[in-house]
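Visitor: The sequence and its predicted three-dimensional model are supplied below.
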Amino acid sequence: MLIYSLLSGVLFGLYFSLIGLGLNLVFGVMRIVNLAHGDFLMLGAYCAFWMYTLFGVDPVYAIPVAFVLFALIGLPLYYALVPRLLAARDPEMLSIILFFGLSQVIEALSTIAFGTSEQSIPGSELGRSLRAFVGWLAGHDIESGPIEVFGQSFPSAWVMSAIASLVAVAFVYFYLYRTRTGYLTRAVMSRRDEALATGIDVHRISAIAFGIGIALASIGGVFAPFMLGSITPAMGVDATVTSFAVIVVGSLGSPLGTVLGGLVYGVSYMLVQTYLSSWANLLPYLLLIGILLVRPSGLLGKRVRLA
Amino acid sequence: MNHALVALGALASAALCPVPVACAADAPSEIRIGHLYASAGRFASISMPVHYALKLWIDQKNADGGVFVKGFGKKIPIKLVDYDDQSNTSTAATLYNQLITQDKVDILIADSGSVLTSVAVPIARDHKVMLVDPTGTGAAFFSPDNPWIALMADPVSTVWPKPVADWVSQEGPRLGIKKLAILYSTNEFTGTQANAARKFIKESGAPIEIVFDQGVPTETSNYTVLINNIRAANPDMVLHFGYAPNDIAFLRNLADSGVKFKGLFCIYPGLETDLIEKNVGEKGLQYVMTYVTSNDLAYKVDFGMDLPRFRDAWSKKYPDGKVEFGFNSIAGYTTGLVLEKALGDMASLDQGELRRAIFAQSGKLKTLDGTFGLDETGGQIGELTPLGQFTPDEHGHLKLNAIYPQDTATGKPVYPRP
């Protein structure tokens, strides 16, 4: 039971790293808290759901579609909301209010559009085309079902979401450290005013980061029907709270910190669910309080601010 | 001359309308029914069907001129005063107070489910307002010192699990059930059911050991580790007591993890079959045991629409399918029918009179939900929930058979599951 809980925690934690990654990128670049982050995750989940329901599309293909779609949505949304916010005296506090409002609007409109009932996609549909391709290479059919990791059996969605999370982290690192835009993004993350003074188009850089942030949330949403039981328009709030806890634990502004925060959250959650199950949902809040009391800058706090 | 006519009129009125009975001239222009619903959150899937069914009933009655109230001798239209509590108990408490003190509703109907009803019980009691409770079955709501509540459409939580507990105790040992696992969501509805089932089984003296017994928060959305932990305990039968989203997550995780329990019971597959089947699939429900409710029992009715007619009316009114038809829809409509009967027997809209009239229907009213029966505390005792099991028919489609008690059985239990 202990080994299974630990391994589950790692896989589950990597999924929450994926969810927190975008929120952290947005905070790192703009110093604003996107409380509608979970609602973009919810919209990503419905994107995968409708692609599957209407056209029978394997949710794996919804990943690039959702990424591009939500990145494109993020650009105009940034210019509509954020520049005015950043001009205010206390943008961090105002961002909480503004994005809370946006979250409510998205949830209300989604309820009207999608209804209130739970929706989901059959577990066997995730990666159906990949299995068919591997089966074609191997010369025999590959059945859907759990996957063995270190001798323990896990739903394939857990393993696939963990892989997607690692790819997303690698993408963010590649973007930040191997591209010119990423180089400029790090400059903005480090000193926004100095970046502006050196002629960097701060708003363009921030808009790209904002688009990538909500696009990463939407990828988390594609896996949500498999990781979170089912999807509803109201699921965004819980996702936002958990991802906020994850990035505070890891440290605000650091992608690597998000991974660490996700792993701490995932492993702790699974251990609590195994040995003290009634208390499991208190965990995000306990972790938040604990880390803010002991190490307010997060586990990897110091390195972030100078990134 | 005019004074004489007025005096004569007053005398005639007094003769025709003795105090305290009202008459048509005193009749209000509308009956105000206050109701909460949850359009979002954990309880939306059990709340919206009740809300939609109530609206269906109200629209039907208003199209017919309203509901007949005996004391006023005429039909009076219904005005629904409804608010969205978003599955939040704090919001619900504020809104229940508002319905009573600000909107001054004539009839107060609770939101669906025990969690959102739990906050209404003390508020209604303090204000001496009759709480019409569609589906809140928490055992603590019903006590001899609280006369201000009546449960409309399903039995109290301590009664629900009796058939499944009796089946496990009486038939289980013969079938090889020696070890039992209980997993439940820690709330008034499912927590009470788990406690009751545990008590019934222990008191039966059956040679059954409970090898896993854990509660999880109602908001739990991933059960994979819990399923593995249950498997490690190697039970012969698993009882899962959770709300609809819990059952969906549990059954989906079970299918995805490849674990098969020899016997499995869940609450909601029998209550909200359309919703659960849509999310879990026919295969995920095969051989799952559940409650058989009026959603699957075509009772003979003597008042209101029967099940096929109600389902038809529902499909016509709500063709988009955004809110699934299920037991909670029936509960909402049944609530309307009980109120209609009670109003037809009421001398006034006084809360004490409302209580008397509702209790007066006990044992006399047969709706699509079965026989309406109340005990002295307002708990529902008329509508039964036998144990059933989903089995595939010859075409592979799911069929829900009642398997226990014997006198209601329409099929035999399949154990262990193939």
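Guide: Done, it's in.
Visitor: can you pull the contacts of residue 112?
Guide: Answering for chain A, as no chain was given. Applying Cβ atoms under 8 Å, 6 or more residues apart in numbering or on different chains, one finds that A:I112 lies in contact with no residue. The C-beta positions use only the backbone N, C-alpha and C, and glycine is treated the same way.
Visitor: The intended chain is chain B.
Guide: Taking Cβ under 8 Å, 6+ apart, we find B:S112 in contact with B:37-38, B:43, B:46-47, B:49-51, B:134-136, B:328, B:331-332.
Visitor: Wait, a helix at it?
Guide: No: with DSSP: H, G, I helix; E, B strand; the rest coil as the criterion, B:S112 is assigned coil and is not in a helix.
Visitor: filter the contacts of B:S112 to the buried ones?
Guide: Among the contacts of B:S112, those classed as buried by 16 or more other Cβ atoms under 10 Å in any protein chain shown are B:37-38, B:43, B:46-47, B:49-51, B:134-136, B:328, B:331-332.
Visitor: Turn the contacts of B:S112 into CSV, including distance to chain A and pLDDT.
Guide: Shown next, in CSV, are the contacts of B:S112 (distance: Cβ to the nearest Cβ, whole Å; pLDDT from 0 to 100):
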residue, distance to chain A, pLDDT
B:Y37, 10, 96
B:A38, 8, 95
B:F43, 10, 89
B:I46, 10, 91
B:S47, 8, 95
B:P49, 9, 95
B:V50, 12, 97
B:H51, 10, 97
B:P134, 17, 96
B:T135, 16, 94
B:G136, 19, 93
B:N328, 11, 94
B:A331, 16, 95
B:G332, 15, 97
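Visitor: Go through these and flag which are in strands.
Guide: Applying DSSP state E to those, the entries found in strands are B:Y37.
Visitor: For the stretch 151-300 of chain A, which segments count as helices?
Guide: Here the stretch 151-300 of chain A has its helices, by DSSP state H, counting those that start in this stretch, at A:156-178, A:180-190, A:192-197, A:202-227, A:236-250, A:255-275, A:283-294.
Visitor: who touches the shortest one?
Guide: By Cβ under 8 Å, 6+ apart, the surrounding residues in contact with helix A:192-197 are A:R31, A:L184, A:A187, A:V188, A:V202, A:I205.
Visitor: Tell me how chain B divides into domains.
Guide: Chain B breaks down by automatic domain parsing into domains covering B:20-154+B:298-372, B:162-292+B:386-408.
Visitor: out of the ones you listed, nearest to A:E148?
Guide: domain B:162-292+B:386-408 (10.5 Å; Cβ to Cβ).
Visitor: and the closest one, how far apart are its ends?
Guide: Taking Cα to Cα, to the nearest Å, domain B:162-292+B:386-408 runs 14 Å from one end to the other.
Visitor: Equivalent analysis for stretch A:86-97, please.
Guide: Chord length of stretch A:86-97, first to last residue, is 13 Å (Cα to Cα).
Visitor: Then stretch B:222-242?
Guide: 13 Å.
Visitor: would you turn the domains of chain B into JSON lines with distance to A:Q104?
Guide: Converted to JSON lines, these look like this (distance: least, Cβ to Cβ, whole Å):
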{"stretch": "domain B:20-154+B:298-372", "distance to A:Q104": "10"}
{"stretch": "domain B:162-292+B:386-408", "distance to A:Q104": "20"}
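Visitor: What values do phi and psi take at the residue most central in space within chain B?
Guide: In chain B, the residue lying closest to the centroid (Cα atoms, centre = their mean) is B:T135, at 2.8 Å. Backbone torsions of B:T135, given as degrees, to the nearest 10, read phi -140, psi 10.
Visitor: cool, B:K74 as well?
Guide: The phi and psi torsions at B:K74 (degrees, to the nearest 10) take the values phi -160, psi 170.
Visitor: That one and B:F68 touch, don't they?
Guide: Yes: using Cβ atoms under 8 Å, B:K74 is in contact with B:F68, at 7.1 Å.
Visitor: Neighbour count for these two, which is higher?
Guide: When B:K74 and B:F68 are compared for neighbours, B:F68 comes out ahead with 17 against 13, by other Cβ atoms under 10 Å in any protein chain shown.
Visitor: The more buried one: what secondary structure?
Guide: Assigned by three-state DSSP, the conformation of B:F68 is strand.
Visitor: do A:D141 as well
Guide: Secondary structure state of A:D141, per three-state DSSP, is coil.
Visitor: same thing with the one 3 residues further on?
Guide: Recorded secondary structure, A:S144: coil (three-state DSSP).
Visitor: okay but it is in contact with A:S156, surely?
Guide: Yes: if you go by Cβ under 8 Å, A:S144 and A:S156 touch, sitting 6.8 Å apart.
Visitor: What score does the closest residue to chain B within the stretch 151-300 of chain A have for pLDDT?
Guide: Nearest residue of the stretch 151-300 of chain A to chain B, counting by Cβ to the nearest Cβ: A:G229, 2.8 Å away. Listed pLDDT for A:G229 reads 89.
Visitor: any low-confidence regions in the chain?
Guide: All of this refers to chain A. Of all residues in chain A, those with pLDDT under 70 make up the ranges A:302-307.
Visitor: Not quite, go with chain B.
Guide: B:1-25.
Visitor: go with 50
Guide: Scanning chain B for pLDDT under 50 picks out B:1-2, B:4-20.
Visitor: Surely A:V159 touches A:I147?
Guide: Yes: with contact defined as Cβ under 8 Å, A:V159 counts as touching A:I147 (4.8 Å).
Visitor: okay, these two: which has more neighbours?
Guide: Between A:V159 and A:I147, counted using other Cβ under 10 Å, A:V159 has the larger neighbour count: 17 against 14.
Visitor: dump the residue contacts of the more buried one.
Guide: Taking Cβ under 8 Å, 6+ apart, we find A:V159 in contact with A:L11, A:I147, A:V149.
Visitor: Select from these every entry located in helices.
Guide: A:L11 (DSSP state H).
Visitor: so the residue nearest to the centre of chain B makes contact with B:V50?
Guide: Yes: counting by Cβ under 8 Å, B:V50 is a contact partner of B:T135 at 6.7 Å.
Visitor: if I look at these two, which residues touch both of them?
Guide: In terms of Cβ under 8 Å, 6+ apart, B:T135 and B:V50 are both contacted by the residues B:S112, B:N328, B:A331.
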